[in-house]
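**Student:** Build the 3D model from these lines:
(chains A and B)
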Amino acid sequence: MVSDGAPAGGGEDGDRPDGQAPGERLSRMRHSAAHVLAEAVLELFPEAKYAIGPPIENGFYYDFDLPRPLTPDDLTQLERRMRRTVKANVPIEGRQIPKEEARALFSDQPYKLELIDEIEGETVGHFRHAEFDDLCRGGHTERTGDLGAFRLDRVAGAYWRGDERNAMLQRIYGLLFETPAELDAYLEAREEAERRDHRRLGRELDLFHLDPVSPGAPFYHPRGTVLYNALVDYMRELYVEYGYQEVITPQLFAADLWKTSGHYDNFSEDMFLFGEEGSELGIKPMNCPGHCHYYRTRLYSYRDLPLRLAEFSRLHRNERSGVLSGLTRARSFAQDDAHIYCTPEQFEAEVVSVFEMSERVYSDLGLEDWQIRLATMPEEKFIGEPEDWRRAEALLAAAVRGAGREFELAPGEGAFYGPKLEFHLRDALGRSWQLGTLQVDLGMPARFGLTYVAADGAEHEPVMLHRAILGSLERFLAIYIEHTAGAFPLWLAPVQAVVIPIADRHAAYADEVRSQLAARRLRAEVDGSGNRMNAKIREAQLQKVPYMLVVGDREAEARAVSVRVRGGGDRGALPLDEVVARLAEERDTRALAGLGAAAP
RNA sequence: GCCGGCGUAGCUCAGUGGCAGAGCAGCUGUUUCGUAAACAGCAGGCCGAGGGUUCGAGUCCCCCCGCCGGCUCCA
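**Tutor:** Below you'll find the predicted structure:
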């Protein structure tokens, strides 16, 4: 239902059922619904311990410690009880009470007591409706009747306070919108997302599959490999333009290298390490240490910088089993990775150049809606000095502003080696994803002893940047497949045209059409099945092939093809030469839509 | 890793203790067709792996693996 027929990135009405920060009123409704849910749970399980229940995007949740796992039937019954409370429409009353009173009120509620102890000041918020009491800072509707349209959605495990050393609680998620129409729209959008799920389309379009023989590592099928390589080739073209040099460095390094880089101490949980002490090896989870090691193979003048090293090697990270998820979270992946070594004077220009290149890439791919986040020093695992972090963070912030853009702050979310900018893109379904990143490295140049000789004749340490624009190719493909619903622009489509002979006697001409296309490096196939034309067209449509070229008696006679555009219908017969030229042109300009048609 | 759910043909799914099924896809034959599914026939299974209960297990129990949704983490 979410059409990608509109020009990419445009035509949004800004009124999405998801993705937007909930308004104040909506937030109150969601928060109150959480209280009403907790009341229902306590009715059903008087011995339940309740923890916290905030409003969230699309709804609300509440965490409970319960005597048994919840079932779908429980949710139905809880929802029924909630609706009873809505119907009763009782007031929700809030006030401040002394901590002592609160401790008495929640004397058998350990999670609430823990929260009371941590709240500053002498009083805490207390909210009550009917017989239900909660510890709460407020933000509620006046009465329980004003909860809009809601539905209990699912149960999931969640650690108390998000810390895995704590008890695992049961979290009940609910959906809530102001009107039933908005709730329905959200549910419909979710169904559309399921239809577009990259794992499903990966199978349907024969792009890739994930296999238990290597969890988290994709098998790219021939068509998926074409897509993957088309993206890499595209980035390579830009590398020529933007002055990057591609390298290929080893997959496997001695533990010494990981100790030098800091990965051994800060990232080893996520690494595949093996071998005896003294001859221990690690498969690379990132390219940076290899690039730093390469840097040391010669001496650099300031005139040699910036040095921009790119690499598409496959990387491996030993992700915890529970977090793998299709291509968005894989153990084996590749990035459009590069490291830039420059002088402090060149820093800002390099950041701006990365911005320009990113804008170009996202725009070529039809992804126009993106934001920047600045992720700062983590609280625990980091290397270097805090003042260096602050300085680097300020430089990044200044560079963003210098490029005329805004950013959102993400405190404590930096990499262990430095602060980073993250590029977040919104897809056709309104969901936000992190793709690219630009990171300052505060540790590695010193750890590897990297230097260059400056104009003053002395050795200085270069500034090191990490950057990726697509991020991981795997994650990018997942997002892009879902964004386009598999209807890729011609330049990326694994099969760019299917030639459809109407009857067997047209096979020879069909093959000639295919050869003509192939001669211009256009990826075309002939549908030589015994199916009727209608079935061949249906098959090509389902495979999201951009062009269907129908050939029968008339076309063979006139050296023409009848063009059908994916999403655009029958365009009538055109001379073969002209069609070949127009398709090649559409590919070379990386057009997002073809032959004047709306995008698929 | 933790909590919950799920694993039956290539795909989507029926099958709640008694002979493993359907649709689509595949193969063969007939049809040679003008813009989203021609017709007929055939074949297709370690019911995720291992162990147990039972006269008998796809079905019940245990354990492992994988997947899905969360938590946590992250490209």
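**Student:** burial count for the residue of the stretch 301-450 of chain A found nearest RNA strand B?
**Tutor:** Residue nearest to RNA strand B within the stretch 301-450 of chain A: residue A:322 (2.2 Å; Cβ to the nearest atom of the strand). Using the backbone N, CA and C atoms, a C-beta is placed for each residue, glycine as well. When neighbours are defined as other Cβ atoms under 10 Å, residue A:322 has 6 of them.
**Student:** so what's the backbone phi/psi at it?
**Tutor:** phi -70, psi -10 (degrees, to the nearest 10).
**Student:** How about residue A:293?
**Tutor:** According to degrees, to the nearest 10, residue A:293 has phi -70, psi -40.
**Student:** Spell out which residues of the stretch 251-400 of chain A are next to RNA strand B.
**Tutor:** A:270, A:317, A:319-326, A:329-331, A:333, A:335 (Cβ under 7 Å from any atom of the strand).
**Student:** which of the residues you listed has the most neighbours?
**Tutor:** residue A:335 (26 neighbours).
**Student:** That one - that's part of a strand, no?
**Tutor:** Yes. Per DSSP: H, G, I helix; E, B strand; the rest coil, residue A:335 lies within a strand segment.
**Student:** pretty sure it is touching residue A:469, no?
**Tutor:** No. Under the criterion of Cβ atoms under 8 Å, residue A:335 is not in contact with residue A:469, lying 9.4 Å apart.
**Student:** And the residue of the stretch 301-450 of chain A closest to RNA strand B, how far from residue A:169?
**Tutor:** As for residue A:322, its distance to residue A:169 is 17 Å (criterion: Cβ to Cβ, to the nearest Å).
**Student:** and what of residue A:539?
**Tutor:** 49 Å.
**Student:** More neighbours: the two, which one.
**Tutor:** residue A:169 (21 against 16).
**Student:** Name the nearest residue to that one, sequence neighbours excluded.
**Tutor:** Leaving aside its sequence neighbours, residue A:169 sits nearest to residue A:63 (Cβ to Cβ, 6 or more residues apart in numbering; 4.3 Å).
**Student:** In contact with that neighbour, which residues are there?
**Tutor:** By Cβ atoms under 8 Å, 6 or more residues apart in numbering, the contact list for residue A:63 reads A:50, A:51, A:52, A:53, A:158, A:160, A:169, A:170, A:171.
**Student:** what sits against the fourth one?
**Tutor:** Just to be clear, that refers to residue A:53. A:31, A:34, A:35, A:37, A:38, A:60, A:61, A:62, A:63, A:134.
**Student:** please redo it, this time with the cut-off set to 6 Å
**Tutor:** Contacts for residue A:53 (Cβ atoms under 6 Å, 6 or more residues apart in numbering) come out as A:34, A:38, A:62.
**Student:** same check, this time on residue A:472
**Tutor:** A:333, A:335.
**Student:** ok, which of the contacts of residue A:63 also contact RNA strand B?
**Tutor:** Okay, of the contacts of residue A:63 touching RNA strand B (Cβ under 7 Å from any atom of the strand), that's A:158, A:170, A:171.
**Student:** Filter those residues down to just the ones in strands.
**Tutor:** Taking DSSP state E as the definition of strands, those contribute A:158, A:170, A:171.
**Student:** For the second one, grab the count of nearby residues.
**Tutor:** When neighbours are defined as other Cβ under 10 Å, residue A:170 has 20 of them.
**Student:** So what does whichever residue of the stretch 1-150 of chain A sits closest to RNA strand B have for phi and psi?
**Tutor:** In the stretch 1-150 of chain A, the residue that lies nearest RNA strand B is residue A:69 (3.6 Å; Cβ to the nearest atom of the strand). Main-chain torsions, residue A:69, degrees, to the nearest 10: phi -60, psi 140.
**Student:** Leaving out the residues flanking it, which one is nearest to it?
**Tutor:** Closest to residue A:69 by Cβ to Cβ, 6+ apart is residue A:170, at 7.0 Å.
**Student:** okay but the one you found is in contact with residue A:64, surely?
**Tutor:** Yes. Counting by Cβ atoms under 6 Å, residue A:64 is a contact partner of residue A:170 at 5.3 Å.
**Student:** that older thread, okay, and the beta partners of the residue nearest to residue A:69?
**Tutor:** residue A:64, residue A:157 (DSSP bridges).
**Student:** ok, now which ones touch it?
**Tutor:** Residues in contact with residue A:170, defined by Cβ under 6 Å, 6+ apart, are A:64, A:66, A:70, A:155.
**Student:** Residue A:158 too?
**Tutor:** Residue A:158 is in contact with A:63, A:169, A:171, counting by Cβ under 6 Å, 6+ apart.
**Student:** Flag every buried residue along stretch A:185-194.
**Tutor:** Buried residues in stretch A:185-194, counted by 16 or more other Cβ atoms under 10 Å: A:185, A:186, A:189, A:192, A:193.
**Student:** Specify which member of those is nearest to RNA strand B.
**Tutor:** RNA strand B lies nearest to residue A:193 out of the buried residues of stretch A:185-194, by Cβ to the nearest atom of the strand, at 9.3 Å.
**Student:** confidence score at that closest one?
**Tutor:** pLDDT, residue A:193: 90.
**Student:** Wait, a helix at it?
**Tutor:** Yes. Residue A:193: assigned to a helix according to three-state DSSP.
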